[in-house]
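Chemist: take a look and give me a structure for this.
(2 chains)
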Amino acid sequence: DSGVTQTPKHLITATGQRVTLRCSPRSGDLSVYWYQQSLDQGLQFLIQYYNGEERAKGNILERFSAQQFPDLHSELNLSSLELGDSALYFCASSGGASEQFFGPGTRLTVL
Amino acid sequence: GESVGLHLPTLSVQEGDNSIINCAYSNSASDYFIWYKQESGKGPQFIIDIRSNMDKRQGQRVTVLLNKTVKHLSLQIAATQPGDSAVYFCAEPNQAGTALIFGKGTTLSVSS
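Modeler: Residues are numbered from 1 along each chain as shown, chains lettered A, B, ... in the order given. As a prediction, the model looks like this:
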């Protein structure tokens, strides 16, 4: 158990819909990272937050957004969903070192 | 540019054998590498890391070797067990140090 929690574990929705994925980092970790894992693209970095502020952006679509709250939990919002957004979404946290601890992921299926 | 890749997508071994999983990287300035293990239905789990000032680092049943000359690293698993069956990724921080770049992964299958 990495100490990072993610909810929900599975999410099934339809195209055009909007969903919110939630992540709670390890106790004390200020950084939260979101990654997308699909079969053809592997693990791709989406966005990083540090202590409530956006720190870095990766291959994140404009339809996607995230935020980190004062209690350090983070949410990833995915809107206008398309079939190609079906993937595993992972949250990771770190305390400042390079090592990142990953949550169990949310499996999103868009029908 | 930044990229991390693996030589083989799959590796099948017998229980008790030693496994070697390879990874090539392109950025000669890379100074830190991490190996992650991802079991089915779970998130990536840290196994071992190595900095560029080292050629070798050992953990429990795992050894990572770094060859900076040819920009190659490998993960060696001794006495492979069925519980080692998983996808293994090498990763490195991007140039800004803000995220990890992952290779495509090698699926290790251990048969008993």
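Chemist: and residue A:99, how many residues sit next to it?
Modeler: Here the number of neighbours of residue A:99 (other Cβ atoms under 10 Å in any protein chain shown) works out to 14. No exception for glycine: its C-beta is placed from N, CA and C like everyone else's.
Chemist: that one: what secondary structure?
Modeler: Counting by DSSP: H, G, I helix; E, B strand; the rest coil, the backbone at residue A:99 sits in coil.
Chemist: how close does it get to residue A:31?
Modeler: Using Cβ to Cβ, to the nearest Å, we find residue A:99 at a distance of 11 Å from residue A:31.
Chemist: then residue A:77?
Modeler: Residue A:77 sits 19 Å away from residue A:31 when distances are taken as Cβ to Cβ.
Chemist: neighbour-wise, which of the two wins?
Modeler: Neighbour tally, residue A:77 and residue A:31, criterion other Cβ under 10 Å: the higher count belongs to residue A:31, 22 against 13.
Chemist: is it true that the more buried one touches residue A:48?
Modeler: Yes: with contacts defined as Cβ atoms under 8 Å, residue A:31 counts as touching residue A:48 at a distance of 6.4 Å.
Chemist: overlap in contacts of those two?
Modeler: Both residue A:31 and residue A:48 are contacted by residue A:55, under the criterion Cβ atoms under 8 Å, 6 or more residues apart in numbering or on different chains.
Chemist: the closest residue to residue A:55 other than its chain neighbours: helix or strand, and which one exactly?
Modeler: Setting aside the residues directly before and after it, residue A:55 is nearest to residue A:48 in space (Cβ to Cβ, 6 or more residues apart in numbering or on different chains), at 4.4 Å. Element membership of residue A:48, judged by DSSP states H and E, is strand A:42-50.
Chemist: which strands or helices does that strand pack on?
Modeler: Identification of packing neighbours for strand A:42-50 by 3 or more Cβ pairs under 8 Å, 6 or more residues apart in numbering or on different chains; DSSP states H and E yields strand A:31-38, strand A:53-57, strand A:64-68, strand A:74-78, strand B:86-93, strand B:100-102.
Chemist: what's the local residue count around the residue nearest to residue A:55?
Modeler: As a burial measure, residue A:48 scores 24 neighbours (other Cβ under 10 Å).
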